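Asker: Sequence first, then the predicted structure, then my questions.
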Amino acid sequence: MLGEPAYRARQVFAGVHQRRLCSFGQMTDLPGDLRAKLSERAVISTLTLESRYLSTDGTRRYLFKTHDNFPVETVFIPEDRRDTICFSSQSGCPLQCTFCLTAQLGLLRNLTAGEIVEQIIMALNDAYGVSVRTPRGTNLVGMGAGEPFLNFAELMKAIRIMAERNGLHIVPHRVTVSTAGIVPRIRDLATIADRPHLAVSLAAPTDELRNELMPINKKWPLRELLAACGDFQKSLKAGERFTFEYVMLAGVNDSDEQARNLANLLNRHELRAKVNLIPHNPAEPLAYQPSPRERVETFRGILEAKGIQAFVRRPRGRDILAACGQLAARSATGQ
Ligand code: SF4
């Protein structure tokens, strides 16, 4: 690096990732002339903050713009014992899930590993201040805009960078990546030793309904998806999580019969993953409404009675449009 010894690169890496500094000028452990040279030739951050919303429950939601003006959404969710940051892997999304606003943007572009990591740094700096040590551990979920497994190489690179001890030091064990069901990448993930946790978004217990809600199902129907999940399950190590996500849409996928079908489907494939029931965040112009609380509880009870562990995810940041894609899609359509 500029004819400097290797340890200078480690100092710069730690400055950007561990100390979360925003400019080379702040890296006072570097000689002044090196700071000046770096400032002339490189930039630390490429995302700019477009808008920021603070929920009454403490959730913070960000709309960033990339250097080439594409939207990136990130959500920071404080909890008692940890913070969770939901990051985006793509700007927009090429998949056409009918309950998701991001789908309406289409794919704008894949994010780089740097842009994925930067979302975390910017959210932590906003919540705690530049360079301030975080009081709790940070969990990450790749459930923002985009299908992470369609940007697999950059995603995995970002996860490796974030795990660095002299960087953010957020190890893969603290990261969960959610896929709409990109079967070949589920199989690839199964071969990686140091990997994030897997979550698979199901949204329907039958191909007929899933084709409608998540058209990716036409490419990889439930039989193939659940077979890949079964193979992934065989590769699980002690303490590793694997979950199914099921967004609850009133009158669409939340009946007693659908709960029984879902339980039977998972039992037939001998999948022991837990199911997270996710209250849908209603968003104009989408036609769906969230299932009423009692319906979600009944649905959960049916799953449990059939031996499937099921949990209801608490909705966060509803007052600030915290469902994935809501900010970018709204700003794109001028709402
Ligand atoms: S739910 Fe996820 S995968 Fe489906 S369109 Fe939205 S961002 Fe893409």
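Answerer: Right, received. Where do you want to start?
Asker: Near the closest residue to Arg300 other than its chain neighbours, how many other residues are there?
Answerer: Once its chain neighbours are removed from consideration, Arg300 has its nearest residue in Ala310; the separation is 4.6 Å (CB to CB, 6 or more residues apart in numbering). In this view, the C-beta of every residue, glycine as well, is placed from N, C-alpha and C. The local packing of Ala310 (other CB atoms under 10 Å) involves 21 other residues.
Asker: CA atoms only for stretch 36-56, dumped as PDB, please.
Answerer: Listed in PDB are the C-alpha atoms of stretch 36-56, where the atom choice follows Å, rounded to 0.1, in the frame of the first residue of the first chain:
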ATOM      1  CA  ALA A  36      -3.000  13.200   3.300                       C
ATOM      2  CA  LYS A  37      -2.000  10.700   0.600                       C
ATOM      3  CA  LEU A  38      -4.900   8.400   1.500                       C
ATOM      4  CA  SER A  39      -7.400  11.200   1.500                       C
ATOM      5  CA  GLU A  40      -6.200  12.200  -2.000                       C
ATOM      6  CA  ARG A  41      -6.500   8.700  -3.500                       C
ATOM      7  CA  ALA A  42      -9.300   6.900  -1.700                       C
ATOM      8  CA  VAL A  43     -12.600   7.300   0.100                       C
ATOM      9  CA  ILE A  44     -13.800   5.400   3.200                       C
ATOM     10  CA  SER A  45     -17.500   5.600   2.700                       C
ATOM     11  CA  THR A  46     -19.500   5.600  -0.500                       C
ATOM     12  CA  LEU A  47     -23.100   5.500   0.800                       C
ATOM     13  CA  THR A  48     -24.800   8.700   1.700                       C
ATOM     14  CA  LEU A  49     -27.700   9.100   4.100                       C
ATOM     15  CA  GLU A  50     -30.900  10.100   2.200                       C
ATOM     16  CA  SER A  51     -33.400   9.800   5.100                       C
ATOM     17  CA  ARG A  52     -33.600   8.500   8.600                       C
ATOM     18  CA  TYR A  53     -36.700   7.600  10.600                       C
ATOM     19  CA  LEU A  54     -36.800   6.900  14.300                       C
ATOM     20  CA  SER A  55     -39.700   4.800  15.600                       C
ATOM     21  CA  THR A  56     -41.300   5.200  19.000                       C
END
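Asker: Please point out which parts of that stretch sit buried.
Answerer: In terms of neighbour count (16 or more other CB atoms under 10 Å), stretch 36-56 has its buried residues at Lys37, Leu38, Ile44, Ser45, Leu47, Glu50, Arg52, Tyr53, Ser55.
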